[in-house]
Structure formats: C-alpha cells, structure tokens
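Q: Test case, fold it:
(one chain, ligands or ions: 3)
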Amino acid sequence: NSTSKKPPSPSPLRFSKFFQSNMRILVTGGAGFIGSHLVDKLMENEKNEVIVVDNYFTGTKDNLKKWIGHPRFELIRHDVTEPLLIEVDQIYHLACPASPIFYKYNPVKTIKTNVIGTLNMLGLAKRVGARILLTSTSEVYGDPLEHPQTESYWGNVNPIGVRSCYDEGKRVAETLMFDYHRQHGIEIRIARIFNTYGPRMNIDDGRVVSNFIAQALRNEPLTVQLPGTQTRSFCYVSDMVDGLIRLMEGENTGPINIGNPGEFTMLELAESVKELINPEVKISMVENTPDDPRQRKPDITKAKEVLGWEPKVKLRDGLPLMEEDFRLRLGVPKKN
Ligand code: NAD
Ligand code: UDP
Ligand code: UDP
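A: Numbers count the residues shown, from 1 in each chain. Ligands and ions are numbered 1, 2, ... in the order given. Here you go, the predicted model:
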C-alpha cells in the first residue's frame, strides 16, 4: 500500500545531526594568552562553533573582544573546578594559570584547577563522546637530567616544592587523561608545551620575555635572574597554535613536545631584547627563585614525524611582533 512507501521520518537525533554539521569546540582558558590565539585560529574556519569557558583569573574578555557577539562564538564565565554540562565535539583544555607568579599566588587553587578541573573536563568528554586535548607543560620534566627532553623522559620533579602545584598538578592531569583513555575509551591528546611568547601575554606576569620587553620599553634595567646561564627555548604563539590544532586533528594521543628547539641563555635573551628594542637599557643581575630549571630545550622529533609540524618563527622575528603589542598596551610610541 501507499503509506508503506513513504520514507521514514527522521529520528530527532538524525534530524539534529543533519543540521549540525558544524564542529562545536570548547576552549577552556580561552580568554588567556594561548587560548585567545587558538580561538582566533579556530574561528577562521566557518564550520567551527567556539565556546570559551574561563574564570578570568589570568585571562581577560579583552583578548576575545573581536568575537563577542559573533553568532558562532559563545563566552561563559565558569570555573572548571565546578562541573560543566554542555554539548561539544572537541575540548581544548587550557584552563590553568601558567606564570609562576600567578600559579604560586594560590597553590591550592592551582592544584584543584589541574586535578578537579581536568577530571571535570574528562567527565564531560566521556558523557558527550568528545575528543579532549590537554595543554601539559615542559615543567613535567622538572629540572631535567636529560637534555634535550624527549617525551619518554620521566622527569626530575620536586613533589613538595613551591612549583609543585603546577608541575605535579600537570603530571596528575596527564595521568587522569591516560586513565580515562584506558578505562573509558576517551579520545585524548596531550601536548607538552615549552615556553611560549607573543602578543597578549600579561604585561606584568613575571615571565621572562614579557618582563624584558616591558622593562626595555619602560627604560628599566632588564632583570636577569642568577646565574643568567640557565637556558630556555621560546616558541612564538602562532606556531604553538598550529601545533595544537594538528595534534587535535591527528591520530596520535601524545604526549608530544610542542616548542621551539632554539635554545638561549637568559643573558643572551636580555642582549637580544636590548639590541632589538632599546640599546640604551641596562642589564642587572638579580636573585633567582627556588627550583628554577637550569636548562630546557624540547626534542621535537616526534612532533615532526607524527604531526609534520615544526616552528617557523625565529626569536628575532617574534620579539618585534610582541614589542608592537606591548607598545600599544603600555602607550609607548616607537621613536623614528
Ligand atoms: P594564561 O594564564 O594566559 O591562560 C590561562 C587561562 O585559564 C586564563 O584565561 C585564566 O583566566 C583561565 N583559568 C585559570 N584557572 C581557571 C579555572 N579554574 N577555571 C576557568 N578558567 C581558568 O596562560 P597561557 O600561557 O595561555 O597558558 C595556557 C595553557 O598552556 C595552560 O594550561 C598552561 O599550563 C599551558 N602552558 C603554557 C606555557 C606558556 O609558556 N605560556 C607553557 C607550558 C604550558
Ligand atoms: N562532569 C562534568 N560534566 C559532565 C559530566 C561530568 O563536569 O558533562 C564532572 C562530574 O561532575 C564529575 C567528573 O566530571 O565530577 C567526572 O565524571 P565521571 O562521570 O567520569 O565520574 P563520576 O561522576 O562517576 O565520579
Ligand atoms: N627570568 C629572568 N628574569 C625575569 C624573569 C625570569 O631571568 O625577570 C628567568 C628565570 O630565572 C628562568 C627563566 O627566566 O630561568 C624563565 O622563567 P619564566 O618564569 O619565564 O618561565 P619558566 O621558569 O616557567 O620556564
């Protein structure tokens, strides 16, 4: 009969899937430095809807102002240590203060953010079947006894030091990610991020590149912490964001080091800032803080092989881009 030839009416689920071809992406900590650049990149793709969750501890709405009111963008004030009930396809989990000044300010809160915050985001990923990427850190290697650091190195971390809320917190977050993966089949991605710099870094957050650039522009001495021979490797933020998106879209769980292997001593960094930004500025040696790693440089062989990724922006090219942003925010015009 004629009624049996009618096509079946779509189930509510299929119906909504048909119209929801967009990818709904949650970025926790999206009002922060790296998060806001990640949001800019994700928003370039018209198939992406981006939801940012942030408690504005170290981030600001200002970093996202160009997206507020956009139909594919949503901003939610929320603390990830509290449960979150939304529907998403992917989660970039960045929420966590990254600068020592801020993460040491309330260490108990930092560890709650790393542990309970990550647990909540994993619970969310499990409930909705989303893929989740954690931004872990090179700090999981502690003061490394292996140089450069490969992903197979287990680290040399003080469990009871003043940095432990951050580095041990991230280590537990990584453990949780792998336990949810093994126990519940959650699709996980772990990036071990090395020092990253660029526009929108907090001006007074105490990290070395932002300190030196702000000091150079204010004509204050560049404060090199003793001994000055300690090294770091600095990745420009656009390279970092490319690496994170490739990791999310690829097939490898990680952990994968994402960073720039160009290694500099803090004295060399100060000399570069002086030369590029303010040749008159003085350099002064000051006391260091406890547990400061003496050297840090990523081995990015795995990122190259698995993600086809390597950084493109050299420190000497990235510093002037950051200088421009700091000049605007500090109101220091360029001399002609
Ligand atoms: P950031 O401080 O600029 O951004 C962190 C964001 O998370 C901020 O917007 C902050 O308000 C938010 N946040 C903090 N606690 C929260 C909470 N409980 N609930 C909701 N939001 C919260 O730092 P960033 O440099 O952009 O770092 C982003 C991520 O990358 C962090 O997970 C950090 O550990 C990691 N990382 C950064 C670096 C680096 O050099 N910048 C290096 C290694 C790892
Ligand atoms: N959770 C969340 N959003 C969700 C699902 C879970 O924030 O959509 C939180 C939940 O409150 C819990 C955590 O994630 O604290 C872990 O959830 P899971 O279901 O894995 O564990 P359980 O609730 O059984 O302890
Ligand atoms: N540092 C410095 N002067 C500053 C701030 C930091 O010499 O004004 C040094 C610090 O001792 C460390 C390096 O710069 O060796 C990187 O410090 P930062 O806090 O930026 O990052 P992290 O220690 O987390 O790598």
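
Q: Only C-alpha atoms from now on, for both contacts and neighbour counts.
A: Noted.

Q: Can you list the buried residues in stretch 326-336?
A: Residues of stretch 326-336 classed as buried: F326, R327 (neighbour count, 16 or more other C-alpha atoms under 10 Å).

Q: Quick one: mean pLDDT for it?
A: Average pLDDT, stretch 326-336: 88.

Q: can you give me the helices in the stretch 201-336 of the chain?
A: Per DSSP state H, counting those that start in this stretch, the stretch 201-336 of the chain carries helices over the ranges 208-217, 237-249, 266-277, 301-302, 315-330.

Q: gap between the shortest one and the chain center?
A: Just to be clear, that refers to helix 301-302. On the basis of C-alpha atoms, centre = their mean, to the nearest Å, helix 301-302 sits 19 Å off its chain's mean C-alpha point.

Q: which other residues reach that helix?
A: Residues from elsewhere that reach helix 301-302 (C-alpha atoms under 8 Å, 6 or more residues apart in numbering): I256, N257.

Q: returning to what we had before: so for ligand 2, which of the helices of the stretch 201-336 of the chain sits nearest?
A: Between ligand 2 and those, the tightest spacing by C-alpha to the nearest ligand atom is seen for helix 237-249, at 20.1 Å.

Q: How about the residues of the protein by ligand 1?
A: 29-35, 54-59, 78-81, 94-98, 113, 135-137, 193-196 (C-alpha under 6 Å from any ligand atom).

Q: which ones among those residues are found in strands?
A: D54, T135, S136, T137, I193, T196 (DSSP state E).

Q: how much space is there between E49 and L315?
A: 33 Å (C-alpha to C-alpha, to the nearest Å).

Q: Please verify my assumption that R189 contacts M248.
A: Yes. Using C-alpha atoms under 8 Å, R189 is in contact with M248, at 6.3 Å.

Q: quick one: which of the two has more around it?
A: Taking neighbours as other C-alpha atoms under 10 Å, R189 and M248 compare with R189 leading, 28 against 24.

Q: you'd agree that one is in a strand?
A: Yes. Counting by DSSP: H, G, I helix; E, B strand; the rest coil, R189 is found in a strand.

Q: residue in the stretch 201-336 of the chain nearest to ligand 1?
A: Nearest residue of the stretch 201-336 of the chain to ligand 1: M201, at 6.4 Å (C-alpha to the nearest ligand atom).

Q: contacting residues around that residue?
A: Applying C-alpha under 8 Å, 6+ apart, we find M201 in contact with F33, S210.

Q: can you rerun that using 6 Å?
A: M201 makes contacts with F33, as judged by C-alpha atoms under 6 Å, 6 or more residues apart in numbering.

Q: Use 27 as the first number for this chain going forward.
A: OK, 27 is where the count begins now, so the last one is M227.

Q: does ligand 2 sit close to stretch 78-87?
A: No. Residues of stretch 78-87 contacting ligand 2 under C-alpha under 6 Å from any ligand atom: none, with a closest distance of 12.2 Å.

Q: Okay, buried residues for that stretch please.
A: Judged by neighbour count (16+ other C-alpha under 10 Å), stretch 78-87 contains these buried residues: V78, V79, D80, N81, Y82, T84, G85, T86, K87.

Q: Would you check which pair of these lies furthest apart?
A: Farthest pair in these (C-alpha to C-alpha) is V78 and T84. Separation: 14.3 Å.

Q: how about the residues of this structure near ligand 2?
A: By C-alpha under 6 Å from any ligand atom, the part of the chain that sits against ligand 2 consists of P109, L110, L111, L145, N146, M147, G149, L150, R153.

Q: which among those residues end up buried?
A: L145, N146, M147, G149, L150.

Q: Now the first one: closest residue in space that isn't a chain neighbour?
A: Setting aside the residues directly before and after it, L145 is nearest to L202 in space (C-alpha to C-alpha, 6 or more residues apart in numbering), at 6.9 Å.

Q: Report the spatially closest residue to L248, excluding sequence-adjacent ones.
A: Ranked by C-alpha to C-alpha, 6+ apart and with sequence neighbours excluded, the top spatial neighbour of L248 is I309, at 4.7 Å.

Q: And the pLDDT for the one you found?
A: Taking I309 on its own, its pLDDT is 97.

Q: measure it to H119 for me?
A: Separation of I309 from H119 (C-alpha to C-alpha): 37 Å.

Q: Please apply the same query to I127.
A: As judged by C-alpha to C-alpha, I127 and H119 stand 21 Å apart.

Q: Compare those two and say which is more crowded by neighbours.
A: Neighbour totals were compared for I127 and H119, and H119 leads with 24 against 13 (other C-alpha under 10 Å).
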